[in-house]
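1. Just need the structure, nothing else, for what follows:
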Amino acid sequence: MATSQPQRPIRVLVAKPGLDGHDRGAKVVATALRDAGMEVIYTGLRQTPEMIVQAALQEDVDCIGLSILSGAHNAVVPRVLELLKANAMDGVLVVVGGIIPAADAAQLQAAGVGCIFPPGSRLQEIVDYIRSNVRPSPHFAG
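-> Just a heads-up that it's a prediction; the model follows:
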């Protein structure tokens with residue numbers, strides 16, 4: 001007889017990597033995710049890939065949302081993916097929001113990013129994508 005274990009809320013780390021100081025969009029998305037019942041950890045501005053992955057590891061997150069408007073996505077995102085893999089966290093969903101040229105978006109998705117959300121993306125679209133694509137955490141025992 002299978003027992004149904006309670007599921008914990010989806011845990012999402014929202015981060016602003018690099019030197020970009022504009023975090024209004026990241027805060028709006030973080031609020032929408034929280035309003036949708038997810039647990040949100042917002043790391044703040046000027047995070048390095050190492051800081052982001054360390055926080056994700058400590059917080060046992062299911063998803064990392066990176067907000068990048070600085071143009072540093074080709075340096076930052078692959079490094080985050082590399083560090084996730086090195087820490088046996090390559091099952092964590094990574095989504096990126098910001099100004100990402102189409103050719104770069106295709107490369108990032110080929111490297112492991114789940115989805116790219118450009119400016120103007122609907123908040124419900126982001127919520128729905130995360131809900132549909134997060135893998136349940138094996139660490140939650142109820």
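
2. Which secondary structure element is home to L33?
-> helix 24-35 (DSSP states H and E).

3. For that helix, what does the pLDDT average out to?
-> For helix 24-35, mean pLDDT rounds to 95.

4. Can you name every helix or strand that that helix contacts?
-> Counting contacts by 3 or more Cβ pairs under 8 Å, 6 or more residues apart in numbering; DSSP states H and E, helix 24-35 packs against strand 11-15, strand 39-42, strand 63-68, strand 93-98, helix 123-133. Every residue, glycine included, has its C-beta placed from N, CA and C.

5. Please enumerate residues in contact with that helix?
-> Here helix 24-35 makes contact (Cβ atoms under 8 Å, 6 or more residues apart in numbering) with 12, 14-16, 40, 42, 65, 67, 69, 97-98, 119, 123-124, 126-127, 130.

6. now do stretch 108-116
-> 73-74, 77-78, 81, 90, 93-97, 100, 105, 129, 133.

7. Please, a ChimeraX command that selects the buried ones among those?
-> Under the burial definition 16 or more other Cβ atoms under 10 Å, those of the contacts of stretch 108-116 that qualify are selected in ChimeraX by:
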select :73,77,78,81,93,94,95,96,97,100,105,129
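
8. which one among the contacts of stretch 108-116 gets closest to V61?
-> Of all these, the one with the least separation from V61 (Cβ to Cβ) is L93, at 9.1 Å.

9. rewinding a little: which one of the helices and strands packed on helix 24-35 lies closest to E50?
-> Ranking these by their distance to E50 (criterion: Cβ to Cβ) puts strand 11-15 first, at 11.5 Å.

10. avg pLDDT for stretch 124-137?
-> Average pLDDT, stretch 124-137: 92.

11. hmm, who's touching that stretch?
-> By Cβ under 8 Å, 6+ apart, the surrounding residues in contact with stretch 124-137 are 7-8, 10-12, 29, 32-33, 36, 38, 60, 62-63, 65, 91, 93, 95, 97, 114-115, 117.

12. next one: stretch 46-61
-> Stretch 46-61 has contacts (Cβ under 8 Å, 6+ apart) with 11-13, 15-21, 41, 43, 64, 66, 76, 79-80, 82-84, 87, 89, 92, 137, 139.

13. returning to what we had before: can I get the helices and strands packed on helix 24-35 in TSV with distance to G25?
-> Converted to TSV, the helices and strands packed on helix 24-35 look like this (distance: least, Cβ to Cβ, whole Å):
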stretch	distance to G25
strand 11-15	10
strand 39-42	12
strand 63-68	6
strand 93-98	7
helix 123-133	10
